[in-house]
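[1] Got a predicted model here, sequence first, then my questions.
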Amino acid sequence: MQIIFLPSNNPVINLAVEEYLFSERKDDIMLLYINDKSVIVGSNQVVQNEVNIEYCRRNDIQILRRISGGGAVYHDNGNLNFSFITNRKEDTLALSDEFLKPVVEVLMQIGFPVRIGQRKDLWLPDEFKICGTASKVTKNRELHHGTLLFDANLVHLHNSLHAEGKDITKKGTASVRSKVKNLLQFQSENGQKMYREIFLERFYQRFETKYSTKMQIFEISKVIDLLPIAKYRDNAWNFRK
């Protein structure tokens with residue numbers, strides 16, 4: 001398993017790289033990246049029914065569609081996004097929660113007693129959600145990704161995902177709303193203090209140890225012409241429903 005970090009905070013670039021690694025590569029990858037303010041909707045969702053479009057416009061929050069299913073999520077620099085991109089294995093269930101177990105293991109080592117929920121999400125003991133996930137599976141490849149809330153702007157999260165003026169004539173996958181909390185808030189409530197830089201450093205180092213490898217910085221410029229960037233800049237894709 002390779003560990004790759006994207007130095008870009010541009011969600012257009014990062015989603016394009018993620019799709020490129022899923023579609024064009026044939027190796028097993030753990031991808032890590034942090035996006036600027038954005039709402040990322042699932043491939044089968046109706047944007048109008050999931051996102052407060054006007055709030056996002058007023059607050060410079062981009063709205064993009066990903067290639068996996070699932071519900072809408074909010075990203076900013078207080079989220080750590082992880083993707084496990086692997087070749088299909090015949091002896092495993094493609095849509096199981098196995099991919100989350102290494103994340104749980106590492107978070108437990110850092111000091112967060114999280115558990116896996118029924119929807120392949122992660123929860124704290126006080127019943128607050130700290131991570132949702134989504135998947136895309138083809139004949140040869142699997143993509144499982146999630147977003148960890150460690151210090152996100154929860155006001156933007158709640159407001160951007162509170163849709164107004166829903167169109168019930170349009171059918172799509174509906175998001176499941178849950179109470180959420182940042183990992184660093186949970187730790188502070190339990191008498192501990194950890195800064196975001198320390199959290200990220202420990203998270204990266206634990207995975208380097210687990211997979212006996214060093215995290216690589218992805219050189220976007222080397223593949224820029226191969227990335228489906230135009231797709232993620234196109235409202236025909238992002239607002240297709």
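    In hand now; what should we look at?

[2] roughly how far apart are the closest residue to residue 237 other than its chain neighbours and residue 15?
    What sits nearest to residue 237 in space, not counting adjacent residues and going by C-beta to C-beta, 6 or more residues apart in numbering, is residue 231, at 5.2 Å. The way it works is simple: take the backbone N, C-alpha and C, and place the C-beta from them, glycine included. Distance, residue 231 to residue 15, using C-beta to C-beta, to the nearest Å: 9 Å.

[3] Would you mark the buried spots in the helix or strand containing residue 200?
    Per DSSP states H and E: residue 200 is located in helix 196-211. Neighbour-count burial for helix 196-211, counted by 16 or more other C-beta atoms under 10 Å, picks out 196, 199, 200, 202, 203, 204, 206, 207.

[4] how deep is residue 55 tucked in, by neighbour count?
    By other C-beta atoms under 10 Å, the residues close to residue 55 number 18.

[5] Quick check, pLDDT for the closest residue to it other than its chain neighbours.
    With C-beta to C-beta, 6+ apart as the criterion, residue 55 has its nearest non-adjacent residue at 5.1 Å, and that residue is residue 159. For residue 159, the model assigns a pLDDT of 97.

[6] Make sure I have this right: residue 159 is in a strand.
    No - assigned with DSSP: H, G, I helix; E, B strand; the rest coil, residue 159 falls outside any strand and is helix.

[7] Enumerate every residue touching it.
    Residues in contact with residue 159, defined by C-beta atoms under 8 Å, 6 or more residues apart in numbering, are 52, 55, 59.

[8] would you list the residues you listed in TSV and tack on distance to residue 134, secondary structure and pLDDT?
    Shown next, in TSV, are the contacts of residue 159 (distance: C-beta to C-beta, whole Å; DSSP: H, G, I helix; E, B strand; the rest coil; pLDDT from 0 to 100):
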residue	distance to residue 134	secondary structure	pLDDT
52	21	coil	96
55	23	helix	97
59	24	coil	98
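
[9] and those as JSON lines, adding distance to residue 148?
    Supplementary listing: the contacts of residue 159 in JSON lines, determined by distance: C-beta to C-beta, whole Å:
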{"residue": "52", "distance to residue 148": "23"}
{"residue": "55", "distance to residue 148": "23"}
{"residue": "59", "distance to residue 148": "22"}
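
[10] ok, residue 231 and residue 15, which is more surrounded?
    residue 15 (24 against 17).

[11] List the residues that contact that one.
    Contacts of residue 15 (C-beta under 8 Å, 6+ apart): 40, 64, 66, 67, 232.

[12] Just list whatever residues bridge to the second one.
    When bridges are called by DSSP bridges, residue 64 pairs up with residue 40.

[13] ok so, going back, helices or strands next to the helix holding residue 200 in the packing?
    strand 2-5, strand 29-33, helix 101-110, helix 183-189 (3 or more C-beta pairs under 8 Å, 6 or more residues apart in numbering; DSSP states H and E).

[14] so the third one versus helix 196-211, what angle?
    Meaning helix 101-110. Counting by axes from the mean of the first three to the mean of the last three C-alpha atoms, to 10 degrees, helix 101-110 lies at 120 degrees to helix 196-211.
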